[in-house]
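K.L.:
Have a look at this fold, sequence not included:
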């Protein structure tokens, strides 16, 4: 089974709320709750105990398997709790709670003097990336060291840095491309050295002209020549930023259904991940913080923030000025693929690109009606699936038939539900069907 990138959808972006807001550094949190399962694969295993004193950047949990990633303390303080906690993904995970001491003033990570990365081997760079706990910051949170270690039978000839950022409201990658363009390119150099790729592209949607200009200017000054990266401007549409769609748009290569980018000789990395790789390799800084967009029509002062991993959303309220009106929905991630929250006491994790607060006026809860067989969901599905057909198979518990029709290849972009005139919650049905199949 193969697929092609169908038309996609064109929701309003709402990016102007934070498009021109430079990234701020808020106060350091007094407490962080750091889940041990905030990446694809096995949860990390604690290497500290309740009562231990830890310093910012110290490893507090180790990778528990090949596809896993270590976790680091994001503030200096005392471990006060190790117990199950709710995460933004709505899954329960063991989490380590750290509380800073009253007399602790300096919570900054002490950066090492910049080291000569050119003297490091591929294996040394991969070890640094793994030990720094770096995962994909575009949302998937796949351990980066694994992604950069393809089997020898699948050589990589192309690297794509993904700056598409197609999800409405979110602007963290846009701001990074404006403010950290040099660091992004230095991170890309490390990725190219590890993989030995022959070509490199930086993919940016055409609604980010300032970011395109900033990256072009940084590229001219960078001196990267072998290979020299090329900036590719993509048409703005959703879900343009998904890995397989970026590959199709940039290279016109089709990743086989059920396959991975490495099956077509390609690795895709988010621009935020490239910054994290640069900081780890050059400065010795583990992944203890990330940029998060906090936005929505309810927010008094929408912002882009550097946030320590584990910071509770409730502790950030003062930073964005509180609410102009009561939020009806709190969404971690964007409004299309994001996950609704029922409390503000959830932590920012490695995969948290943004938090969107929507008012009652924004949330159109129209009544579901019967499918009119218009075919719009089929037209917009990037995987070429038939969502309503799959929905009926799941609804009547014909899960094997749903699997045979390709439901496992749905990556839950939500385009079908967005475009459905009958307001059928197709995405919910896809998620339910996939979850049932995973337990069969």
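P.N.:
Now that the structure is in, tell me what you want to look at. The model shown is predicted, which means the values in this text are computed figures rather than measured ones.

K.L.:
For burial, what's the neighbour tally of residue 277?
P.N.:
When neighbours are counted by other C-beta atoms under 10 Å, residue 277 registers 28. (Each C-beta comes from the backbone N, C-alpha and C, glycine too.)

K.L.:
again but with residue 257, I slipped
P.N.:
15.

K.L.:
How is it assigned, secondary-structure-wise?
P.N.:
Taken by DSSP: H, G, I helix; E, B strand; the rest coil, the conformation at residue 257 corresponds to coil.

K.L.:
Residue 383 is in contact with that one, correct?
P.N.:
Yes - at 6.9 Å, residue 257 counts as touching residue 383 under the criterion of C-beta atoms under 8 Å.

K.L.:
From residue 282, how far out is residue 119?
P.N.:
Using C-beta to C-beta, to the nearest Å, one obtains 12 Å as the distance from residue 119 to residue 282.

K.L.:
Compare the two and say which one has the larger neighbour count.
P.N.:
Of the pair residue 119 and residue 282, residue 282 is the one with more neighbours under other C-beta under 10 Å, namely 20 against 7.

K.L.:
For that one, which non-adjacent residue is closest in space?
P.N.:
residue 114 (5.1 Å; C-beta to C-beta, 6 or more residues apart in numbering).

K.L.:
Give me the pLDDT for the one you found.
P.N.:
We have a pLDDT of 80 for residue 114.

K.L.:
so which helix or strand takes in it?
P.N.:
Following DSSP states H and E, one finds residue 114 outside all helices and strands.

K.L.:
quick one, strands of the stretch 101-250 of the chain?
P.N.:
158-163, 199-205, 230-234 (DSSP state E, counting those that start in this stretch).

K.L.:
Name the stretch among these that sits most buried.
P.N.:
Each of the strands of the stretch 101-250 of the chain was scored by mean neighbour count; the highest is strand 158-163, a mean of 26, by mean count of other C-beta atoms under 10 Å.

K.L.:
So what are the sheet partners of it and their directions?
P.N.:
strand 199-205 (parallel), strand 266-270 (parallel) (DSSP bridges).

K.L.:
I'd like those as TSV, with distance to residue 34 and mean pLDDT appended.
P.N.:
Output for these, formatted as TSV (distance: least, C-beta to C-beta, whole Å; pLDDT from 0 to 100):
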stretch	distance to residue 34	mean pLDDT
strand 199-205	31	97
strand 266-270	21	97
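
K.L.:
What's the mean pLDDT across stretch 163-178?
P.N.:
Here stretch 163-178 scores 96 as its mean pLDDT.

K.L.:
got the end-to-end distance for it?
P.N.:
Terminal residues of stretch 163-178 are spaced 11 Å apart (C-alpha to C-alpha, to the nearest Å).

K.L.:
which parts of it are buried?
P.N.:
For stretch 163-178, a neighbour-count test (16 or more other C-beta atoms under 10 Å) marks 163-178 as buried.

K.L.:
same thing with stretch 279-296?
P.N.:
Buried, per 16+ other C-beta under 10 Å, within stretch 279-296: 279-282, 284-296.

K.L.:
try stretch 54-73
P.N.:
Applying a neighbour-count criterion of 16+ other C-beta under 10 Å, one finds 54, 56-64, 68-73 buried in stretch 54-73.

K.L.:
try stretch 35-45
P.N.:
So stretch 35-45, judged by 16+ other C-beta under 10 Å, has buried residues 35, 36, 37, 38, 39, 40, 41, 42, 43, 44.

K.L.:
ditto for stretch 89-100
P.N.:
Residues 89, 93, 94, 95, 96, 97, 98, 99, 100 are the ones in stretch 89-100 that count as buried (16+ other C-beta under 10 Å).

K.L.:
What is the nearest of those to residue 209?
P.N.:
Nearest to residue 209, judged by C-beta to C-beta, of these is residue 89 at 33.6 Å.

K.L.:
unless I'm mixing things up, that closest one is touching residue 338, no?
P.N.:
No - taking C-beta under 8 Å as the definition, residue 89 is not a contact partner of residue 338, at 10.5 Å.

K.L.:
any common contacting residues for these two?
P.N.:
Common neighbours of residue 89 and residue 338 are listed as residue 332 (criterion: C-beta atoms under 8 Å, 6 or more residues apart in numbering).

K.L.:
Any chance of the strands of the stretch 101-250 of the chain in JSON lines with distance to residue 212 as columns?
P.N.:
JSON lines is the format used below for these (distance: least, C-beta to C-beta, whole Å):
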{"stretch": "strand 158-163", "distance to residue 212": "9"}
{"stretch": "strand 199-205", "distance to residue 212": "5"}
{"stretch": "strand 230-234", "distance to residue 212": "6"}
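
K.L.:
Out of those, flag the one nearest residue 356.
P.N.:
Of these, nearest to residue 356 by C-beta to C-beta is strand 199-205, at 18.5 Å.

K.L.:
residues making contact with the closest one?
P.N.:
Contacts of strand 199-205 (C-beta under 8 Å, 6+ apart): 157-166, 177, 188, 192, 211-212, 215, 219, 227-236, 240-241, 246, 249-251, 271.

K.L.:
Let me know the angle separating it from strand 230-234.
P.N.:
Counting by axes from the mean of the first three to the mean of the last three C-alpha atoms, to 10 degrees, strand 199-205 lies at 30 degrees to strand 230-234.
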